[in-house]
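1. here are the coordinates; sequence isn't available:
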């Protein structure tokens, strides 16, 4: 279901069928990236463990499946004239990436 602002809500679906958290985004990938950033970050992208993320689009039976991973990276240098000058206070940031694996449909029986 699409909200007034154009975003859609996606529930992170566990193996047991529970849905403990919810992420929003204009597209499923945007929500998957937000979910991936909550993973335990590795020291580098190459060392990051790939985790399966299953996101059910709220209001539907459609489950988007992604492989996601997260890693620590050094914070970018930012000029104080930029709006992101607060990043200068950070040593490391968490980055994430996802790769779409497919879509499945669940039955409510």
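-> Nice, thanks for sending it over. None of the values given here were measured: they were computed from a predicted structure.
2. ok, the closest residue to residue 91 other than its chain neighbours to residue 92 distance?
-> Computed as CB to CB, 6 or more residues apart in numbering, the closest residue to residue 91 that is not its neighbour in sequence is residue 75, at 6.4 Å. To be clear about C-beta, it is placed using only N, CA and C from the backbone, and glycine gets the same treatment. Separation of residue 75 from residue 92 (CB to CB, to the nearest Å): 6 Å.
3. please apply the same query to residue 18.
-> Distance, residue 18 to residue 92, using CB to CB: 31 Å.
4. neighbour count winner among those two?
-> Higher neighbour count among residue 18 and residue 92: residue 92, with 12 against 9, using other CB atoms under 10 Å.
5. hang on, the more buried one packs against residue 71?
-> No: judged on CB atoms under 8 Å, residue 92 makes no contact with residue 71 at a distance of 9.8 Å.
6. do you know the pLDDT at residue 37?
-> pLDDT, residue 37: 95.
7. which residues does it contact?
-> By CB atoms under 8 Å, 6 or more residues apart in numbering, the contact set of residue 37 is 70, 94-96.
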